[in-house]
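Q: Model the structure of this input:
(2 chains)
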Amino acid sequence: MIREVARTWGEAGAAVVYWGMGISQHTTGTDNARCLIALCSITGNVGRPGTGLHPLRGQNNVQGASDAGLIPMFYPDYQGVDAEQTRLRFEEAWGTSLDPNRGLTVTEIIKSVLQPDGVRGMYMLGENPFLSDPNINKVRKALSALDFLVVQDIFLTETAEFADVILPATSYLEKDGTYTNTDRRVQLGRKVMDPPGQARPDWQIVQDIARRIGLDWDYGSPSEVFDEMVALMPSYKNLRYDNLGLSGKLYPNADPEHSDGTIVMFDERFNTDDGLAHLVPAQWLPAKELPDAEYPLVLNTGRLLEHWHTGSMTRRSFALDAISPVAEVYMHPKDAADRGLSHGETVRVRSRRGTIELLVRISHREQLGNCFIPFHFREPRPTC
Amino acid sequence: MHYRLGVEMTAVHEPATAVRTVTADIDGRSVTVPEGTSIYDAAKQVGVDIPVLCHDERYDPVGVCRMCVVDTGGRAFAAACVRPCEDGMQVKTSTPELERSRATLTELLVSDQPPRAEDPKDTKTRDNLLLELADGFGVARETTELPCGSGRGTDSSNPVIDVNHDACILCDRCVRACDDIQGNDVIGRSGKGYDTRIAFDLNDPMGASSCVTCGECVQACPTGALTNKPIRGIPIRPREELDAVDSVCPYCGVGCALTYYVDRERGAISFAEGRDQPGSQSRLCVKGRYGWDYSASPQRLTTPLIRIDSAYPKGPLSADVRGDRNGANDRGRVEGGERSGGGRKPGDKRGGKHKPGGLVDYDEITPYFREATWDEALDLIARRLREIHTAGGPGAIAGFGSAKCSNEEAYLFQKLIRTGFGTNNIDHCTRLCHASSVAALFEGVGSGAVSTTYGDVSNADVVIITGSNPTANHPVASSFFKQARRRGTKVIYVDPRASTVAEHADIFVQLKPGTDVAFYNALMHEIIRLGLIDREFIAGRTSNYDELARTVADYPPERAAQITGVDAT
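A: Alright, predicted model coming up:
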């Protein structure tokens, strides 16, 4: 089969690869992606229609949040915080001096809280690390140890239990803004209804806090913010809040008034300094943790069609919860039979990190020796 | 950083040969169209509207309803949606005889429909195409002398879609929507003659079938056969009585364009519908079409909350988060529970209402917080964060943003942390998902963004989908993958799990988890051995090929087979 795939790919006039978390969420995630880049590059499958590299983005605005600079080593548009010229440009644009060092990542921040001279105060905007972080026990300890925690969200989350202050934000449906999808399409999300009670849009809350700590912000609308950020983001050049239109625009885009934008990138050169694709070989390494006599099965996690991440939205949706109400562990028929388990029965699943109880689902989709648990359901918490 | 602007076109495989044209006469108007153009499409070009029921431009025509028949001077009338124009063809789209035929057909169909007062579409969105035609011809179930009623029954087993077989005219729009557009292959026909009806899988109830409730069939149906059910009691009403808000789905990275129809009197969404946009082409999945009511949950936070003094020292408040409640039989779904700040006291725990499936139990948490004004909460936040910043320096502050918030919110949040607290301690959950991909992409091609769109799959001869379950995670993108395959693109699916995508793959490679590098190195090994590399591209557009080749030389398929569990040959 390996030979068949190699020949099929090698003989294709145009070939493209789409990948997801099953490539990236490994101890060798970067190597996995390097292989895909190399596979496309050595067969000339980048830069022409029907060819290329597409990591399918999960969240509606994972691309945009990254583009906009929610990354400890990058300013907006992936401009490195440790490049002096870049920093000076942003200091000029923002009218203040900036930290010349890279910041800490999500996992490093959690670790840092448990260390002396680490992070003491945190502001979490719409994030629920208690459920989404891989190691729940560590997160529990870290969140308890924080001197001050602000949680801003639309529902009470597990993380909010550790908060000093909880701020009610508007949901997606109650505010205007732009969102960038997996294709690089920047689209307008429009306010559908008024927020409940005193809930307020996140951007207004952030601005209020900025003013209270002495920043002279005075944004009147998301469009003002968008136009300011685009001026600092070469990739978004030419886009304006008022030229995105009804169907949004792909970036890069030379002429948004007349063009939907660029579908295929790298048709003549890559974005690297020398314009070439850098092939990086990778040696296969076994996963850091492997099954043994005590833990004989591999656990894969993932999503179900009807649910989304920690379920805070979908499990409050009548339709989605009605269609898919319970957490199950999907097992190969033989793995279940070997353990005397039958469909619909409650089982205890134990990993090196914790124990959960949930229902068995006999599934023809699993490999022998593998089981699958979706990560949307709070009560079993398969990531712990 | 500067991007060179790349390619904007999509179609590439069209042969460059000149397309032959034909010239026909439609109702006295001359029209020249490419050979193969249907009479219906040609007529449209010269402003002649031909009535249709089974035809919709989104689907391949099937010519089953005969409403669009026209007179081409032939022995029998021709269905305009499927009959191609011919050179010199004389077409009449409206003659007394044609109108009589259409009126009779309409009367036959309408006589089997449910009574108008009970018609599922007429009583909801009121856009029943058949009833509109019937009104035009002056025929109705209520006045016809034909026998009435089909007795084929209803099916309300799906939580959000009503099926009324009596209202079905067997136009097959839903079949094409399900098969050709979404690629789900659930709907077909069962039965014979007068008892023929649409069927889900092997004539199962819709709710028990393999239907994924994308609602594409509802969007396709011209009659009351497939309609949305009201969600949370908000009635579905005609579009003109509702406020249409064009927006984008809030769930996954595909970002489908949609329109929310809002009932302003009730302050709630009545229903949602796909909207045209180059990427999503009016398609939606179950989350986008039916999953918007979370925002109306009574559990929404509605006022700022401050932790009460007795809730210090801090720690987890609920048994679940403390980790001392064990599991599956003891979990709470508290939909409809109290709003924040309900007057319960710490320690006053209520038990016994937990059942499988659940969210945070508000009753366990809200007693430890009190309601506050915005001013009080914001002042406290500013004071405490400033104190910590002063005492511990910039590194003592950190922010987690969200990939669900808008670009503007992400930008302002990082700007606040960077300019207000002088630290780059700002991150979000991408760290846990695609950061490794982005690192490899930056190193390899200098940009973390995708090099092409998911829709560009239509131009590919071969696609590898790997480590991904797009039928669940990116359902509308997966519909384009499935559609490309029906048009000849070879789909190779590489994944440890046989997700639904495997059923749509030409080759399914079920490798062992964590063996991807070995598998792809072996592919490259074999591609190099067979001389299937692109030498010109490697020489002109890549660096470090020799080292890559040396590395993959150690991965013959036989070795990779041992590691991955995938056969070498």
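
Q: Residue 311: what's its closest spatial neighbour, skipping adjacent residues?
A: Looking at chain A here, since you left the chain open. Excluding its sequence neighbours, the residue lying closest to residue A:311 (CB to CB, 6 or more residues apart in numbering or on different chains) is residue A:376, at 4.1 Å. Glycine gets a C-beta too; all of them are placed from N, C-alpha and C.

Q: Hmm, no, I was thinking of chain B.
A: residue B:368 (3.9 Å).

Q: mind listing what the one you found touches?
A: By CB atoms under 8 Å, 6 or more residues apart in numbering or on different chains, residue B:368 lies in contact with B:307, B:308, B:310, B:311, B:317, B:346.

Q: between these, which has the most around it?
A: residue B:317 (24 neighbours; other CB atoms under 10 Å in any protein chain shown).

Q: Which pLDDT does the model give residue B:323?
A: pLDDT recorded at residue B:323 is 73.

Q: Touching, it and residue A:140? I think so.
A: Yes - Residue B:323 is within contact range of residue A:140, at 7.0 Å (criterion: CB atoms under 8 Å).

Q: who touches both of these two?
A: Common neighbours of residue B:323 and residue A:140 (criterion: CB under 8 Å, 6+ apart): residue B:316.

Q: In terms of packing, which of those two has more residues around it?
A: Comparing residue B:323 with residue A:140 by neighbour count (other CB under 10 Å), the higher total belongs to residue A:140, at 21 against 15.

Q: Quick one: residues contacting the more buried one.
A: Shown in contact with residue A:140 (CB under 8 Å, 6+ apart): A:130, B:316, B:321, B:323.

Q: contacting residues around the residue nearest to residue A:311?
A: A:303, A:304, A:307, A:308, A:309, A:310, A:311, A:314, A:315, A:327.

Q: before we move on, what SS does it have?
A: coil (DSSP: H, G, I helix; E, B strand; the rest coil).

Q: Quick check: chain neighbours aside, which residue is closest to residue A:269?
A: Leaving out its chain neighbours, the residue that sits closest to residue A:269 by CB to CB, 6+ apart is residue A:275, at 3.6 Å.

Q: so how many other residues sit close to the one you found?
A: A count of nearby residues for residue A:275, using other CB under 10 Å, gives 15.

Q: my read: it touches residue A:266, true?
A: No - using CB under 8 Å, residue A:275 makes no contact with residue A:266, being 9.3 Å away.

Q: Include secondary structure, distance to residue B:564 and pLDDT when you put the contacts of residue B:368 into JSON lines, please.
A: Shown next, in JSON lines, are the contacts of residue B:368 (DSSP: H, G, I helix; E, B strand; the rest coil; distance: CB to CB, whole Å; pLDDT from 0 to 100):
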{"residue": "B:307", "secondary structure": "strand", "distance to residue B:564": "51", "pLDDT": "98"}
{"residue": "B:308", "secondary structure": "coil", "distance to residue B:564": "56", "pLDDT": "97"}
{"residue": "B:310", "secondary structure": "helix", "distance to residue B:564": "57", "pLDDT": "95"}
{"residue": "B:311", "secondary structure": "helix", "distance to residue B:564": "52", "pLDDT": "95"}
{"residue": "B:317", "secondary structure": "coil", "distance to residue B:564": "46", "pLDDT": "92"}
{"residue": "B:346", "secondary structure": "coil", "distance to residue B:564": "55", "pLDDT": "39"}
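
Q: Can I get the residues you listed in TSV including distance to residue B:493?
A: Output for these, formatted as TSV (distance: CB to CB, whole Å):
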residue	distance to residue B:493
B:307	49
B:308	53
B:310	56
B:311	50
B:317	44
B:346	52
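
Q: what's the closest of these to residue B:401?
A: Residue B:401 lies nearest to residue B:307 out of the contacts of residue B:368, by CB to CB, at 22.5 Å.

Q: Residue 372 - how many residues pack around it?
A: No chain specified, so I'll use chain A. Other residues within reach of residue A:372, judged by other CB under 10 Å, total 24.

Q: Correction: the question concerned chain B.
A: Residues near residue B:372, counting by other CB under 10 Å, number 19.

Q: list the helices and strands the top helix by length along chain A packs on?
A: Using DSSP state H, we find that the single longest helix of chain A is helix A:29-42. For helix A:29-42, the packing partners by 3 or more CB pairs under 8 Å, 6 or more residues apart in numbering or on different chains; DSSP states H and E come out as strand A:15-19, helix A:21-24, strand A:52-55, helix B:435-445, helix B:516-529, helix B:535-541, helix B:545-552.

Q: I'd like these as CSV, with distance to residue A:163, mean neighbour count and mean pLDDT appended.
A: Converted to CSV, the helices and strands packed on helix A:29-42 look like this (distance: least, CB to CB, whole Å; neighbours: other CB atoms under 10 Å in any protein chain shown; pLDDT from 0 to 100):
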stretch, distance to residue A:163, mean neighbour count, mean pLDDT
strand A:15-19, 36, 27, 97
helix A:21-24, 28, 25, 90
strand A:52-55, 33, 28, 96
helix B:435-445, 26, 23, 90
helix B:516-529, 39, 25, 98
helix B:535-541, 51, 14, 97
helix B:545-552, 49, 18, 97
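
Q: CA-only coordinates of the helix or strand of chain A with the lowest mean pLDDT, as PDB, when you get a sec.
A: Least confident element among the helices and strands of chain A, by mean pLDDT, DSSP states H and E: helix A:129-132 (a mean of 79). Provided in PDB are the C-alpha atoms of helix A:129-132 (Å, rounded to 0.1, in the frame of the first residue of the first chain):
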ATOM      1  CA  PRO A 129      -7.500  26.000  30.200                       C
ATOM      2  CA  PHE A 130      -8.900  23.800  33.000                       C
ATOM      3  CA  LEU A 131     -10.600  21.800  30.300                       C
ATOM      4  CA  SER A 132      -8.400  22.400  27.200                       C
END
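
Q: can you pull the buried residues of stretch B:312-323?
A: In terms of neighbour count (16 or more other CB atoms under 10 Å in any protein chain shown), stretch B:312-323 has its buried residues at B:314, B:316, B:317, B:318, B:319, B:320, B:321.

Q: typed the wrong thing, it's stretch B:223-232
A: For stretch B:223-232, burial by neighbour count (16+ other CB under 10 Å) applies to B:223, B:224, B:225, B:226, B:227, B:228, B:229, B:231.

Q: and the fourth one, how far is that from residue B:165?
A: Residue B:226 sits 10 Å away from residue B:165 when distances are taken as CB to CB, to the nearest Å.
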